[in-house]
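S.K.: Return atomic coordinates for the entry below.
(one chain, ligands or ions: 2)
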Amino acid sequence: MAVLVTGGAGYIGSHTCVELLEAGYEIVVLDNFNNSKPESVERIKKITGKEFQTYCIDLLDKEKVNQVFQENEIDAVIHFAGLKAVGESVFLPLHYYHNNVTGTLVLCEAMKNNNVKNLVFSSSATVYGLPEQCPITEDFRLGALNPYGRTKLMIEEILKDLYVSDNEWSIALLRYFNPIGAHKSGLIGEDPNGVPNNLMPYITQVAVGKLHELNVFGNQYSTKDGTGVRDYIHVVDLAKGHLKALDMITSSTGIEALNLGTGKGYSVLEMVSAFEKVSKIRIPYKVVAPRPGDAAVCCANSDKAFRMMGWKAEKGIEEMCEDSWRWQKMNPYGYEMNNVLDHPHLSIKVGIF
Ligand code: NAD
Ligand code: UFG
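M.R.: Ligands and ions are numbered 1, 2, ... in the order given. Down below sits the predicted model:
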């Protein structure tokens, strides 16, 4: 059984490719590398010792996408490819709608033409907008707060319509909470372009000396310490959720939305101290204004994923911090430049705390 992984060179995609290969699946990767590096594909091969075909193709290129299906016996698709920066999506809405929504339409059309009807889609907790209460179950009211979130909502709706039109489709809409961490090898991990938007890569870049201090976005929320609370999930647990989803969709038809989170919430300050404990590095921070559109608390109820797919997150916050830190330490400049000794101005402040 060959699985086409769109966006397979990205953060979550690369970790899922490793899990797929280690579980014995054949994979084909499709990525245009607009937010990733070919080096991540090499690292997947290094970790697993396995070879696979990678296509450097844009999902918007109908003919080439169709050709991938013609050249390979694809049984199922895991669709990660998409743009994901919330702030950028506000300034470039057309770009986001075109890339994410049209890209998915092109993919589904090619799947339909080639009689491939098993799909796992990367959705997001962002489809819950500002949740009225937590933990969030899949039947909560949906609503997006920005163009990025709306692309996820629109795609979910499109896929529901697709299933209604043809009941042979089998689709899992996986709503991820906050993925962090990295593969144990330290060879693959999150490699954001420019200054990170998300908390964990920001913290690890402060720790490695690339950034000066963390800005904590608000400390007046009604949470345990006033800072925002999120459900952080280890990216390897998340990757394993995709294998469980594949089992589910290849043994039945239908469309299901499933939350993938741990159910545990950590505040920004708790994340800072969990990271400090693991790394033995102090993370200087200052409290700044809240980020517009941020929820106070966002945590998953993932009982449905356990009930329907037998999936449950296993890794705790300490392991998430350890693995994020190992990746950042081994790759201070991400996939671009790897040897820390080539960058003497970087001060990895090991042991000062
Ligand atoms: P990522 O940016 O690391 O990976 C996405 C990959 O898709 C990249 O390699 C990029 O080059 C590729 N891509 C984008 N547009 C493409 C196109 N038109 N054609 C071909 N390839 C294209 O992001 P990630 O963190 O691995 O996220 C994967 C998916 O999960 C995304 O759809 C994202 O929206 C969703 N998601 C991510 C998070 C998160 O916090 N990381 C949370 C919820 C949902
Ligand atoms: N935060 C800071 N400082 C930072 C970055 C973040 O204080 O520099 C805070 C935020 O205010 C929030 C928490 O840390 O309270 C987590 O923020 P992230 O940006 O890491 O994550 P979000 O929950 O805001 O958003 C992420 C993805 C979205 C996705 C959502 C749900 O960026 O795309 O998780 O999956 F939709």
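
S.K.: Every contact and neighbour count from this point should use C-alpha atoms.
M.R.: Will do.

S.K.: Which parts of this structure are strands?
M.R.: Counting by DSSP state E, the chain has strands at residues 2-6, 26-31, 53-56, 74-79, 118-124, 170-176, 178-180, 214-217, 229-230, 232-234, 254-260, 266-267, 285-288, 297-298.

S.K.: Could you work out which of the ones you listed reaches nearest to ligand 2?
M.R.: Ranking the strands of the chain by proximity to ligand 2 (CA to the nearest ligand atom) places strand 214-217 first, at 3.5 Å.

S.K.: pLDDT of that closest one, averaged?
M.R.: For strand 214-217, mean pLDDT rounds to 98.

S.K.: ok so, going back, mind giving me a markdown table with the strands of the chain and columns for distance to ligand 2 and mean neighbour count?
M.R.: A markdown table is the format used below for the strands of the chain (distance: least, CA to the nearest ligand atom, whole Å; neighbours: other CA atoms under 10 Å):
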| stretch | distance to ligand 2 | mean neighbour count |
| --- | --- | --- |
| strand 2-6 | 18 | 23 |
| strand 26-31 | 19 | 23 |
| strand 53-56 | 24 | 15 |
| strand 74-79 | 16 | 22 |
| strand 118-124 | 5 | 23 |
| strand 170-176 | 5 | 24 |
| strand 178-180 | 5 | 23 |
| strand 214-217 | 3 | 18 |
| strand 229-230 | 6 | 23 |
| strand 232-234 | 9 | 26 |
| strand 254-260 | 9 | 23 |
| strand 266-267 | 7 | 21 |
| strand 285-288 | 8 | 12 |
| strand 297-298 | 7 | 25 |
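
S.K.: Tabulate those strands in CSV, adding columns for distance to Q205.
M.R.: Formatted as CSV, the strands of the chain follow (distance: least, CA to CA, whole Å):
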stretch, distance to Q205
strand 2-6, 28
strand 26-31, 26
strand 53-56, 29
strand 74-79, 29
strand 118-124, 25
strand 170-176, 23
strand 178-180, 14
strand 214-217, 9
strand 229-230, 20
strand 232-234, 18
strand 254-260, 26
strand 266-267, 19
strand 285-288, 13
strand 297-298, 24
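
S.K.: wait, what's in contact with the residue lying closest to V65 once chain neighbours are set aside?
M.R.: Among residues not flanking V65 along the chain, L59 sits closest, at 6.4 Å (CA to CA, 6 or more residues apart in numbering). Shown in contact with L59 (CA atoms under 8 Å, 6 or more residues apart in numbering): D31, N32, V65, A81, N99, G103, T104, V106, L107.

S.K.: Go through the residues you listed and name the one nearest M271.
M.R.: Each of the contacts of L59 was checked against M271 using CA to CA; the closest is A81, at 28.2 Å.

S.K.: for the residue lying closest to G293 once chain neighbours are set aside, what are its contacts?
M.R.: Counting by CA to CA, 6+ apart, G293 lies nearest to L145, which is 6.8 Å off, once chain neighbours are set aside. By CA under 8 Å, 6+ apart, the residues touching L145 are T126, G129, L130, G293.

S.K.: Just put these in CSV and tack on neighbour count and pLDDT.
M.R.: Formatted as CSV, these follow (neighbours: other CA atoms under 10 Å; pLDDT from 0 to 100):
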residue, neighbour count, pLDDT
T126, 24, 97
G129, 19, 96
L130, 19, 93
G293, 10, 90
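
S.K.: Stretch 89-99 vs ligand 1: in contact?
M.R.: Yes - interface with ligand 1: stretch 89-99 contributes N99 (CA under 6 Å from any ligand atom).
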